[in-house]
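> here are the coordinates; sequence isn't available:
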């Protein structure tokens, strides 16, 4: 089983990150493959609605970390 912990707080090593890490630690002890992702470490731009990804099936034109984020999910 793979488990992705997502931290949305801008504070590194804040309460949210500590709680997520503790949950991941418990999952790892049960044999899960874990990873942690901090949203604040990513550069994600707002969608401009060009719909190239929907209509043409192309990769996003914004050149940000959204493809990486979607891959992790």
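Arrived safely. Only a predicted model underlies this, so the values are computations on that prediction, with no experimental measurement involved.
> Quick check, pLDDT for residue 36.
Note for residue 36: predicted pLDDT of 97.
> Tell me the secondary structure at it.
State at residue 36, reduced to three classes by DSSP: H, G, I helix; E, B strand; the rest coil: strand.
> Now do the phi/psi pair for the closest residue to it other than its chain neighbours.
Leaving aside its sequence neighbours, residue 36 sits nearest to residue 5 (Cβ to Cβ, 6 or more residues apart in numbering; 4.7 Å). To be clear about C-beta, it is placed using only N, CA and C from the backbone, and glycine gets the same treatment. The phi/psi pair for residue 5 (degrees, to the nearest 10) reads phi -90, psi 130.
> mind listing what residue 5 touches?
Going by Cβ atoms under 8 Å, 6 or more residues apart in numbering, residue 5 touches 20-21, 23-24, 34-37.
> for the protein, what spans make up the strands?
Using DSSP state E, the strands of the chain run over residues 2-7, 33-38.
> Residue 6: how many residues sit nearby?
Neighbourhood size, residue 6 [other Cβ atoms under 10 Å]: 14.
> what is it paired to in the beta sheet?
Residue 6 forms beta bridges with residue 37, as assigned by DSSP bridges.
> Isn't it up against residue 40?
No. The pair residue 6 / residue 40 is not scored as a contact, 11.0 Å apart, by Cβ atoms under 8 Å.
> what's the helix or strand of the chain with the lowest mean pLDDT packed up against?
In the chain, the helix or strand scored least confidently by mean pLDDT, DSSP states H and E is helix 66-72, which has a mean of 90. In terms of contacts (3 or more Cβ pairs under 8 Å, 6 or more residues apart in numbering; DSSP states H and E), helix 66-72 is packed against strand 33-38.
> So which bits of the strand it packs on are buried?
Within strand 33-38, the residues that count as buried by 16 or more other Cβ atoms under 10 Å are 34, 37-38.
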